[in-house]
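Engineer: Next comes the sequence, and after it the predicted model I'd like to discuss.
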Number of protein chains: 2
Amino acid sequence: MPLDEPDDKPIKRSARGSGRRLRGAVAHYLGTAIVSGQIAPGEKLTGEIANAEALDVSRGAYREAVQVLTAKGLVESRPKAGTRVLPRSSWNILDPTVLAWAFAAEPDLGFVRDLFELRAVVEPAAARFAAARRDKDDIKAMKDALAKMRRHTLATETGRAADRAFHDALLRATHNDAMIALSASIGAAVSWTTEFKQRSRALPRDPVPDHAKVCDAIAAGDPEAASAAMRALVDLALDDTRSAM
Amino acid sequence: MPLDEPDDKPIKRSARGSGRRLRGAVAHYLGTAIVSGQIAPGEKLTGEIANAEALDVSRGAYREAVQVLTAKGLVESRPKAGTRVLPRSSWNILDPTVLAWAFAAEPDLGFVRDLFELRAVVEPAAARFAAARRDKDDIKAMKDALAKMRRHTLATETGRAADRAFHDALLRATHNDAMIALSASIGAAVSWTTEFKQRSRALPRDPVPDHAKVCDAIAAGDPEAASAAMRALVDLALDDTRSAM
DNA sequence: GCCGACAAATTGCCTGACAACTTGCCAAGC
DNA sequence: GCTTGGCAAGTTGTCAGGCAATTTGTCGGC
């Protein structure tokens, strides 16, 4: 008589909804565990057969998940040595998925600061490029996002999505693939700083005018004004975030 | 009597040396094919069984390779739909491996321009941060790289490696993980611009003094001077590269 | 004390089969 | 004619077990 199985299947239950396959769930599980520091760099995780069994998945699915981690520079595995967590410096932290793992738990404040600094460097310059290169569609996308921001405020999720969409449209308007690739990372920075502001219930400022100034300068094709307006926007955001912490 | 096998095993032969496993070779093969445009976005590649057989690898190994591509945003695969190449905008173009694939063949000039622009934006700002935050080890790393650049010139591969090491050390000196993560991407930009200059045999300038100025300003802890020196360096590199093309 | 060979442990790869999931067709109904 | 529902087929997704390849650590010899 076979034993019944009172155990929950840990992975199969958790977070299997959003079109994410089984290996995706495993990757998410391991990825968050690593990024959050539960498995420190240099540590070696348990062997494939044991770990796969522990998570109640086949070895093949487990391996595919590990390939994903390897592809993002989180781990490295060699025969007989096992698979080890690599030092933080070799992680692809700007990868959208890794970013999502990092923000799944309460994110490290130092890292949020780093992202914000990157944003402060890139966005004013991006605004300059955007003003020089934008086309009709770019302007439309930015104006649409701006309108949505006006309608729903930053208090609603739709409003915050519109905020992200605005910055995304701006980066796309640079017509520079390298900067467009930074969109996800910078979007994360935008999201989390507004998130902090939101929490402390300190929303002293209406963000729309600042964004509108940037938008207008870009539409007008004035690089210097666009860059300056964006710098002002970022500086204000920095002030607000500082006072919220 | 079994047939002999006159066929070369295409993947197993090619580029299997550098510690790269079989799945790595397959990923490289597919990755370069996609990044170089041989398989255009929107196209769907042949089914797993057929393609795996064509490459003479097992389906499991082939799938692990595809997982890597998926992790880097190059493809997306769903049951019954097959696996399709995603639009360029969703590729993780700044991922070191993707960058390597992009530069495996003759790289797209427009993309090199994009990377260079990103470098021009990030590096002066990074120099500013570095001047404010560098510690003894950072300075040592930069000085070492500089010394190596002096010894072997940019005409040798060791010299170019030292150049990359210099810029890498500079970015690390920012103590900003987000910027450190850009090191690989910016390193690629540095590499390829000097590569162009090298080819056209136009090496009008000794790069060492410019680098030394940056290094000194950072060691002195002068952010403005560091930023200015780096901007000058990048501008000169831009001039040289322009005249080389 | 250094160097080389060997053995064990772990990942790497293979085969074959079945399950799950979509898509696209096709028919029925409005 | 258009929409809607179900149905079937095709492709990826997952499973199981076994063997090969590779590297590390150790043990013996020099």
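Structural biologist: Received, thanks.
Engineer: Helices along chain A, start to end?
Structural biologist: Using DSSP state H, the helices of chain A run over A:10-13, A:22-35, A:48-55, A:59-71, A:96-104, A:109-133, A:136-151, A:157-173, A:177-181, A:183-199, A:207-220, A:223-243.
Engineer: So for the first one, mean pLDDT?
Structural biologist: Right, the one you point to is helix A:10-13. Per-residue pLDDT values across helix A:10-13 average out to 62.
Engineer: Put together JSON lines for the helices of chain A, with mean neighbour count on each row.
Structural biologist: (Each C-beta comes from the backbone N, C-alpha and C, glycine too.) What follows is these, written out as JSON lines (neighbours: other C-beta atoms under 10 Å in any protein chain shown):
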{"stretch": "helix A:10-13", "mean neighbour count": "15"}
{"stretch": "helix A:22-35", "mean neighbour count": "22"}
{"stretch": "helix A:48-55", "mean neighbour count": "15"}
{"stretch": "helix A:59-71", "mean neighbour count": "22"}
{"stretch": "helix A:96-104", "mean neighbour count": "20"}
{"stretch": "helix A:109-133", "mean neighbour count": "22"}
{"stretch": "helix A:136-151", "mean neighbour count": "16"}
{"stretch": "helix A:157-173", "mean neighbour count": "20"}
{"stretch": "helix A:177-181", "mean neighbour count": "23"}
{"stretch": "helix A:183-199", "mean neighbour count": "20"}
{"stretch": "helix A:207-220", "mean neighbour count": "19"}
{"stretch": "helix A:223-243", "mean neighbour count": "18"}
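Engineer: Tell me the confidence at whatever residue of chain A ends up closest to DNA strand D?
Structural biologist: Going by C-beta to the nearest atom of the strand, DNA strand D is nearest to residue A:22 of chain A, at 2.6 Å. The per-residue pLDDT reported for residue A:22 equals 93.
Engineer: Excluding sequence neighbours, find me the nearest residue to it.
Structural biologist: With sequence-adjacent residues excluded and distances taken as C-beta to C-beta, 6 or more residues apart in numbering or on different chains, residue A:22 is closest to residue A:61, at 5.3 Å.
Engineer: so that neighbour sits right up against residue A:48, yeah?
Structural biologist: No: the pair residue A:61 / residue A:48 is not scored as a contact, 10.8 Å apart, by C-beta atoms under 8 Å.
Engineer: Sketch out the low-pLDDT regions of chain A for me.
Structural biologist: Per-residue confidence for chain A (pLDDT under 70) gives these ranges: A:1-19, A:201-204, A:245.
Engineer: Would you mind listing what in it touches chain B?
Structural biologist: Taking C-beta under 8 Å from any C-beta of the partner chain as the criterion, the neighbours of chain B within chain A are A:23, A:60, A:63-64, A:67-68, A:70-73, A:88-89, A:91-97, A:111, A:114-115, A:117-118, A:121-122, A:125-126, A:129, A:172, A:176-182, A:185.
Engineer: Contacts only, for residue A:188.
Structural biologist: Taking C-beta atoms under 8 Å, 6 or more residues apart in numbering or on different chains, we find residue A:188 in contact with A:99, A:103, A:115.
Engineer: cool, residue A:228 as well?
Structural biologist: With contacts defined as C-beta under 8 Å, 6+ apart, residue A:228 is in contact with A:124, A:217.
Engineer: quick one: it from residue A:194, how far?
Structural biologist: Here the criterion is C-beta to C-beta, to the nearest Å. By it, residue A:228 lies 22 Å from residue A:194.
Engineer: got it, and residue A:91?
Structural biologist: Residue A:91 sits at a distance of 25 Å from residue A:194 (criterion: C-beta to C-beta).
Engineer: With residue A:210 instead?
Structural biologist: To residue A:194, residue A:210 is 13 Å away according to C-beta to C-beta.
Engineer: Same check on residue A:80?
Structural biologist: To residue A:194, residue A:80 is 48 Å away according to C-beta to C-beta.
Engineer: Same check on residue A:100?
Structural biologist: In this structure, residue A:100 and residue A:194 are separated by 17 Å, where distance is defined by C-beta to C-beta.
Engineer: repeat for residue A:138
Structural biologist: For residue A:138 relative to residue A:194 (C-beta to C-beta), the value is 23 Å.
Engineer: what does residue A:29 give?
Structural biologist: Using C-beta to C-beta, which is the criterion applied here, residue A:29 is 28 Å from residue A:194.
Engineer: Then residue A:115?
Structural biologist: To residue A:194, residue A:115 is 13 Å away according to C-beta to C-beta.
Engineer: With residue A:208 instead?
Structural biologist: Counting by C-beta to C-beta, the separation of residue A:208 from residue A:194 is 13 Å.
Engineer: Same check on residue A:224?
Structural biologist: For residue A:224, the distance to residue A:194 - C-beta to C-beta - is 27 Å.
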